[in-house]
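S.K.: This is the structure alone, sequence omitted:
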């Protein structure tokens with residue numbers, strides 16, 4: 001079996017999008033990927049991100065928000081930024097990582113009823129899942 005590849009997902013707070021991406025990649029990557037996530041301004045794992053991921057039968061409740069600085073000396077095969085802010089402020093990493101940019105709307109500012117807020121969290125979750133499935137399909141060729 002080929003050696004596992006390293007992937008890093010980065011967004012601003014490592015609160016929602018990159019946490020969801022980490023969860024999906026771990027669940028869908030069939031052990032072929034070592035998965036990390038980080039933020040340029042780390043905060044906390046958002047409870048609504050945990051909730052909508054549980055709806056997808058993926059538990060991210062034990063994941064922690066981490067600074068991208070924690071990983072600057074690691075070599076990754078792929079680095080994926082999930083927002084423009086992360087893409088603009090992402091540090092340089094050693095090696096020749098493939099860089100991808102998947103701008104996904106941040107549901108952190110969602111307002112309204114709980115159900116209205118959940119709609120935006122689910123939209124982000126589903127877009128991340130679709131992108132990861134397409135990415136994994138392209139990588140397996």
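M.R.: Structure received. The structure displayed is predicted, hence computed values, not measured ones. Numbers count the residues shown, from 1 in each chain.
S.K.: what sits against residue 45?
M.R.: 14, 15, 19, 60, 61, 63, 64, 65 (Cβ atoms under 8 Å, 6 or more residues apart in numbering). No exception for glycine: its C-beta is placed from N, CA and C like everyone else's.
S.K.: repeat that with 6 Å
M.R.: 19, 63, 65 (Cβ atoms under 6 Å, 6 or more residues apart in numbering).
S.K.: where's it relative to residue 88, distance?
M.R.: Residue 45 sits 23 Å away from residue 88, going by Cβ to Cβ, to the nearest Å.
S.K.: So residue 117 is in contact with residue 111, correct?
M.R.: No: using Cβ atoms under 6 Å, residue 117 makes no contact with residue 111, being 7.1 Å away.
S.K.: Pick out whichever of those two has more residues nearby.
M.R.: Between residue 117 and residue 111, residue 117 has the larger neighbour count (other Cβ atoms under 10 Å), namely 16 against 7.
S.K.: Give me the distance between the more buried one and residue 20.
M.R.: Going from residue 117 to residue 20 by Cβ to Cβ gives 15 Å.
S.K.: any idea which helix or strand of the protein has the worst average confidence?
M.R.: Least confident helix or strand, the chain: helix 84-89 with a mean of 86, by mean pLDDT, DSSP states H and E.
S.K.: by contact count, what packs against it?
M.R.: The helices and strands touching helix 84-89, judged by 3 or more Cβ pairs under 6 Å, 6 or more residues apart in numbering; DSSP states H and E, number zero.
S.K.: which secondary structure elements does the next helix or strand after that helix contact?
M.R.: Where DSSP states H and E defines the elements, the next helix or strand beyond helix 84-89 is strand 98-101. With contacts taken as 3+ Cβ pairs under 6 Å, 6+ apart, strand 98-101 sits against strand 78-81.
S.K.: burial count for the residue nearest to residue 56 when sequence neighbours are not counted?
M.R.: Distances taken as Cβ to Cβ, 6 or more residues apart in numbering put residue 125 closest to residue 56, at 6.5 Å, once the chain neighbours are dropped. As a burial measure, residue 125 scores 27 neighbours (other Cβ under 10 Å).
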